[in-house]
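Colleague: what's the 3D shape of this:
(4 chains)
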Number of protein chains: 2
Amino acid sequence: MTTATSRAYDHVKQAILDRAYPGGALLSEGEIATAVGVSRTPVREALLRLESEGLVRLYPKRGALVLPVSPQEISDVLETRELVETFTAGRATIGPELIGELTRLLEDMRRHADAGDGREFAYADRCFHRSLVAATGNEILTQLYDSLRDRQLRMARLTADDPVRAADAIRDHTEILEAVRSGDRRRIRAAIHRHLQTAGSALRGRS
Amino acid sequence: MTTATSRAYDHVKQAILDRAYPGGALLSEGEIATAVGVSRTPVREALLRLESEGLVRLYPKRGALVLPVSPQEISDVLETRELVETFTAGRATIGPELIGELTRLLEDMRRHADAGDGREFAYADRCFHRSLVAATGNEILTQLYDSLRDRQLRMARLTADDPVRAADAIRDHTEILEAVRSGDRRRIRAAIHRHLQTAGSALRGRS
DNA sequence: GGCATGCGTCTTGTATGTAACATAGATACA
DNA sequence: TGTATCTATGTTACATACAAGACGCATGCC
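Modeller: Sure, this is the predicted structure:
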């Protein structure tokens, strides 16, 4: 059986990302505890972790505020993502194993896009980028990148099922993969930059 | 009165950075709780936070392992630090206020170096760099940078009182400040790169 | 009306109890 | 000898209890 803490964590995180707990909501430990069916202790640990990830902020004796997505946060997340990804593009060790994984993930994206499964599509998308970052072997950056993607998920969930954007994403990723295959790091960086540019402008425009 | 959790946190963190709890040590909540004079609950929260910062790793039903500094960690921390700092050098908003703060901190460094106070010196050093990062306004990077410095502190504490390295650091920082004053971002980046290069090679060489 | 004050309620911060898990070392046995 | 099992001990994971802080609101006073 999974631990009570992780159940509480998953529940709250999912609810925040799905906007079931909207930005600005003030959560109480007890409320969540009864919702999940555990005691307050594991809930508290989950909230602490979510705070370190930047999703909530704990106010003493008041509750946990679901941080609203601010223009500042959008900007920070996108800027940091671009920094990490362009850096790793120039640094990842490119080998058959990485190429294989990227190819497989791109296939997944195509399949899920055809099936209209926005959720799985977004997941494959995410794994694609994550693989590139992880290929540098830098665990700090990899972990940072994961948290960035979580935060971005909250901003972008609404666009996940848009077929036009899906097609754009597939085109972009294909380009990135081609660039990786070519081994030309400048080209990889350029492809990633372009990709983030389009993704970012959509986000910034929306909020 | 400060909270029990923060007291536990400060105690454990300080002990780890000072190597009073050496890498490889297996801590138990109860042990720390009696040492700090609080119950196990706040200790647990402190350990959770320290785990998210990469200083310990919690093993279920076993205890908290103080992560030994690995070559991989050194490399990751230095690489990430350089990435963040060179990026922010090209992006920070340079104004009289930033220049004033850097000037003041450099003065502090000089003063503490003369006084032979390694601890205060290291603190001013850290603030100097932090100001540059914070001047981008990117809160994610600022927070990441702080955690990187903590981790590096653990690797470098031994060198803090070396007067030769202090002199080197002051020279490097003076150069950085000059570059900031000039407003030439390429020059700033170069100065920072040089600075991290020397600092890094000392670290890598030692471990 | 406007302001201070006190009360009731909600929520956390911390302490403590308890059961389950992990491990080491001893012991029994093939 | 080698291995499986048992047991004693240490440790957490989680639940629960309780006191204290924060806040809304009514009440009383000017």
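Colleague: Chain A against DNA strand D: which residues are in contact?
Modeller: A:T3, A:A4, A:T5, A:V38, A:S39, A:R40, A:T41, A:P42, A:E45, A:P60, A:K61, A:R62 (Cβ under 7 Å from any atom of the strand). No exception for glycine: its C-beta is placed from N, CA and C like everyone else's.
Colleague: filter those to the buried ones?
Modeller: A:A4, A:T5, A:V38, A:R40, A:P42, A:E45 (16 or more other Cβ atoms under 10 Å in any protein chain shown).
Colleague: Quickly check those residues for the two that are furthest apart.
Modeller: Between any two of these, the greatest separation by Cβ to Cβ is 11.5 Å, found for A:T5 and A:R40.
Colleague: Go ahead and measure how far the host helix or strand of A:A156 is from the middle of the chain.
Modeller: Applying DSSP states H and E as the criterion places A:A156 in helix A:139-156. Here helix A:139-156 is found 5 Å from its chain centre; the criterion is Cα atoms, centre = their mean, to the nearest Å.
Colleague: ok and that helix relative to helix B:139-156, angle-wise?
Modeller: 160 degrees (axes from the mean of the first three to the mean of the last three Cα atoms, to 10 degrees).
Colleague: Next SSE downstream of helix A:139-156?
Modeller: Assignment by DSSP H and E places the next element after helix A:139-156 at helix A:163-182.
Colleague: what about the helix or strand following that following helix, average pLDDT?
Modeller: Next in sequence after helix A:163-182, counting helices and strands by DSSP H and E, comes helix A:185-206. The pLDDT scores in helix A:185-206 average 86.
Colleague: Please identify the buried residues of helix A:185-206?
Modeller: Buried residues in helix A:185-206 (16+ other Cβ under 10 Å): A:R187, A:I188, A:R189, A:A190, A:A191, A:I192, A:H195, A:L196, A:A199, A:G200, A:L203.
Colleague: Turn those into TSV, columns for distance to B:A167.
Modeller: Formatted as TSV, those follow (distance: Cβ to Cβ, whole Å):
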residue	distance to B:A167
A:R187	44
A:I188	41
A:R189	38
A:A190	43
A:A191	45
A:I192	41
A:H195	46
A:L196	42
A:A199	47
A:G200	44
A:L203	47
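Colleague: of the residues you listed, closest to A:L78?
Modeller: A:G200 (4.6 Å).
Colleague: Against A:E85, how distant is that closest one?
Modeller: 11 Å (Cβ to Cβ, to the nearest Å).
Colleague: what's next to stretch A:11-29, contact-wise?
Modeller: A:32, A:35-36, A:40, A:43-44, A:46-47, A:50, A:55-56, A:62-69, A:150, A:153-154, A:157 (Cβ atoms under 8 Å, 6 or more residues apart in numbering or on different chains).
Colleague: So which of those sit within helices?
Modeller: Those of these mapping onto helices are A:I32, A:A35, A:V36, A:R40, A:V43, A:R44, A:A46, A:L47, A:L50, A:D150, A:L153, A:R154, per DSSP state H.
Colleague: ok, the residue lying closest to the first one once chain neighbours are set aside - contacts?
Modeller: If you skip the residues right next to it in sequence, A:I32 has A:V43 as its closest partner in space, 4.8 Å away by Cβ to Cβ, 6 or more residues apart in numbering or on different chains. When the contact criterion is Cβ under 8 Å, 6+ apart, the partners of A:V43 are A:A8, A:V12, A:E29, A:I32, A:A33, A:V36.
Colleague: just to revisit the earlier point, is it possible to export the ones in helices among the contacts of stretch A:11-29 to CSV including pLDDT and distance to A:L141?
Modeller: Below are the ones in helices among the contacts of stretch A:11-29 laid out as CSV (pLDDT from 0 to 100; distance: Cβ to Cβ, whole Å):
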residue, pLDDT, distance to A:L141
A:I32, 98, 31
A:A35, 97, 35
A:V36, 98, 32
A:R40, 98, 35
A:V43, 98, 30
A:R44, 98, 29
A:A46, 98, 25
A:L47, 98, 26
A:L50, 98, 21
A:D150, 93, 15
A:L153, 88, 19
A:R154, 88, 21
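Colleague: which one of those is nearest chain B?
Modeller: A:R44 (7.7 Å; Cβ to the nearest Cβ).
Colleague: and the closest one, how far is that from A:L132?
Modeller: Distance, A:R44 to A:L132, by Cβ to Cβ: 36 Å.
Colleague: go on, A:E45?
Modeller: Distance from A:E45 to A:L132, by Cβ to Cβ: 32 Å.
Colleague: ditto for A:H193
Modeller: 13 Å.
Colleague: Mutual contacts of those two, please.
Modeller: If you check A:H193 and A:L132 against Cβ under 8 Å, 6+ apart, no residue is contacted by both.
Colleague: Which residue would you name as the spatial centre of chain A?
Modeller: A:R149 (1.9 Å; Cα atoms, centre = their mean).
Colleague: Report whether the expected contact of that residue with A:C127 is present.
Modeller: No. Counting by Cβ atoms under 8 Å, A:R149 does not reach A:C127; the two are 9.8 Å apart.
Colleague: where are the low-confidence patches of chain A?
Modeller: Applying pLDDT under 70 to chain A flags residues A:157-161, A:205-207.
Colleague: who in chain A is up against DNA strand C?
Modeller: Contact residues, chain A versus DNA strand C (Cβ under 7 Å from any atom of the strand): A:27-31, A:40-41, A:44, A:58, A:60-64.
Colleague: Next, give me the two most distant ones among the residues you listed.
Modeller: Counting by Cβ to Cβ, the most remote pair of the residues of chain A next to DNA strand C is A:T41 and A:R62, 18.9 Å apart.
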